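# the sequence and its predicted three-dimensional model are supplied below.
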Amino acid sequence: MPFTKQDVKAELREFMCGFARSVERVYGMDTGGALLGFPGKKAWDVAPENAQIEESPLWGTVMSMYDYGIEGIVPFSQTEALVDGPEADVEMFFLALDTETMRLYLNEDEVRVPRLSMRTVQTAIARVVLDGGERYTTLEDQQMAGYLSIYEVALLADIDERSVRNAANPKLPEPLITKSFGRRTLVDIHDARRWLLGRKGYVPTKHFTPPVRPETGELTEISLPSDVRARFESLASQANVSSWDLLTQLLDRHEREMAGKEGNQ
C-alpha cells in the first residue's frame, strides 16, 4: 500500500483548512470559518483538528475513492464502477488546483496541494477505466477510451513509471504491451489487467456480490473498509439490531426512494 487512509485524512484536513483561509482572502466576510463549520469565525481562528469537514462532499468522496482506488473495494450499492457526480467534481477540482497559477495563489497562505489525495483520485479513475468504466474528463480527445496511461498503470501497480516502461521491453518473456498514439504511449485495459495480475503491488478489484445472511447477523463476510464496518456496528448497536439487519433496512429505504424518484419523472 503506497500510503494509508490516515495519511490522506491528515493531509486533506490541513489542505481544506488552508484553502478556507485562501478563499476568505478574496471573499472576506468570515466565509472561511463557515466552510470549516464555524460560521462567524475567521478561518485563521479555527484549529485544523477542530474543523468540521467530515460531512463535506470533498472529504467523503476522497475517502470513498481511496477505498475503491487503493483498496479495490467497490461500494456495495454500486454494480458498475462509473465516475460521475461528486467523483467528477473532485477530479476536476484537483486538476484545477494543480496548475502553476493556482499553486502561486495558494503559496501566499502556505497551502500545499494535497498530493496524496490527488494520487488517490487518480488511482480511482485508473481503476474505473481498468474495470471497464469511462472517464468523466478526457485528456485532449477520446484516445484514452479503453486505455490507461503509463502513469495510471504505475499507480495501480504501486511502482514508478520507469519500471512500467522497462516492463514494456519486447525482449522480455511476457512484456507489457503498449501502443503509440503520436507522442503518447498507452496500454489497452485487457493487456493492463493481464500484466497487473502478476504484480505484487497490485490490489485486484473486489467486485461486490450479495452474500447470504450470516448466521451471526453481522457483516463479517463482506469486504468493507474498517472505518465503515465500525460505523455500521456502532449504529446497529444503538438501534439494537444486527449490522446485517441495519444494512438491509438502509438498502430497502434506498430502493424505495429511488423508485419514488423514478415515478415522479
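Sure, I can see it. Note that the coordinates shown come from a computational prediction; the quantities given were computed from them, not determined experimentally. Numbering: from 1, shown residues only.

# who's in contact with Val46?
17, 20, 32-33, 36-38 (C-beta atoms under 8 Å, 6 or more residues apart in numbering). Every residue, glycine included, has its C-beta placed from N, CA and C.

# where does this structure have low pLDDT?
For the chain, the stretches with pLDDT under 70 are 1, 75-84, 138-143, 207-225, 252, 254-265.

# quick check: the most centrally placed residue in it vs Glu134, distance?
For the chain, the residue sitting closest to the mean C-alpha position, by C-alpha atoms, centre = their mean, is Met65 at 1.7 Å. According to C-beta to C-beta, to the nearest Å, Met65 stands 16 Å off from Glu134.

# and Phe232, by the same measure?
31 Å.

# the two: which has the busier surroundings?
Shown here are Phe232 and Glu134; by other C-beta atoms under 10 Å, Phe232 has more neighbours (20 against 15).

# now the more buried one. Its backbone dihedrals?
phi -60, psi -50 (degrees, to the nearest 10).

# ok, Ser180 next?
Dihedral angles of Ser180 (phi, psi; degrees, to the nearest 10) stand at phi -100, psi 130.

# which strand residues bridge it?
Thr185 (DSSP bridges).

# chain neighbours aside, what residue packs nearest to Ala126?
Take Ala126 and drop its neighbours on the chain: the residue closest to it by C-beta to C-beta, 6 or more residues apart in numbering is Glu152, 3.7 Å away.

# so who does the one you found touch?
Counting by C-beta under 8 Å, 6+ apart, Glu152 has contacts 122-123, 125-126, 129.

# still on that earlier bit, my read: the residue nearest to the centre of the chain touches Val90, true?
Yes - look at Met65 against Val90 with C-beta atoms under 8 Å: they come within range, at 7.2 Å.

# tell me the strands in this structure, going along the chain?
147-149, 179-181, 184-188 (DSSP state E).

# between the ones you listed, which gets nearest to Leu172?
Comparison of the strands of the chain against Leu172 by C-beta to C-beta identifies strand 184-188 as nearest, at 14.7 Å.

# need the residues touching each of Met65 and Val90.
Listed as contacting both Met65 and Val90 by C-beta under 8 Å, 6+ apart are Val121.

# what's the residue nearest to the centre of the chain in contact with, if anything?
Taking C-beta under 8 Å, 6+ apart, one finds 87, 90, 120-121, 123-124 in contact with Met65.

# nearest spatial neighbour of it, skipping sequence neighbours?
Among residues not flanking Met65 along the chain, Ala124 sits closest, at 3.8 Å (C-beta to C-beta, 6+ apart).

# relative to Leu172, how far out is that neighbour?
Distance from Ala124 to Leu172, by C-beta to C-beta: 29 Å.

# which one of the two has more residues nearby?
Ala124 (24 against 10).

# break this structure down into its structural domains.
5-130, 142-196, 210-265 (automatic domain parsing).

# from start to finish, how long is the first one in a straight line?
Across domain 5-130, the terminal residues are separated by 22 Å (C-alpha to C-alpha, to the nearest Å).

# list the residues that contact the closest residue in space to Val187 that isn't next to it in sequence.
In space, and not counting its chain neighbours, Val187 is closest to Leu148: 4.9 Å by C-beta to C-beta, 6+ apart. By C-beta under 8 Å, 6+ apart, the contact list for Leu148 reads 126, 129-130, 156, 186-187, 189, 192.

# quick revisit: Tyr202 is nearest to which of the domains of the chain?
The nearest among the domains of the chain, by C-beta to C-beta, is domain 142-196 at 4.4 Å.

# and that closest one, how far from the chain's centre?
Computed by C-alpha atoms, centre = their mean, to the nearest Å, the chain-centroid distance of domain 142-196 equals 22 Å.

# for Gln52, see how far away the residue lying farthest from the centre of the chain is.
Using C-alpha atoms, centre = their mean, the residue of the chain lying farthest from its centre is Lys171. It sits 35.9 Å away. Using C-beta to C-beta, Lys171 is found at 56 Å from Gln52.
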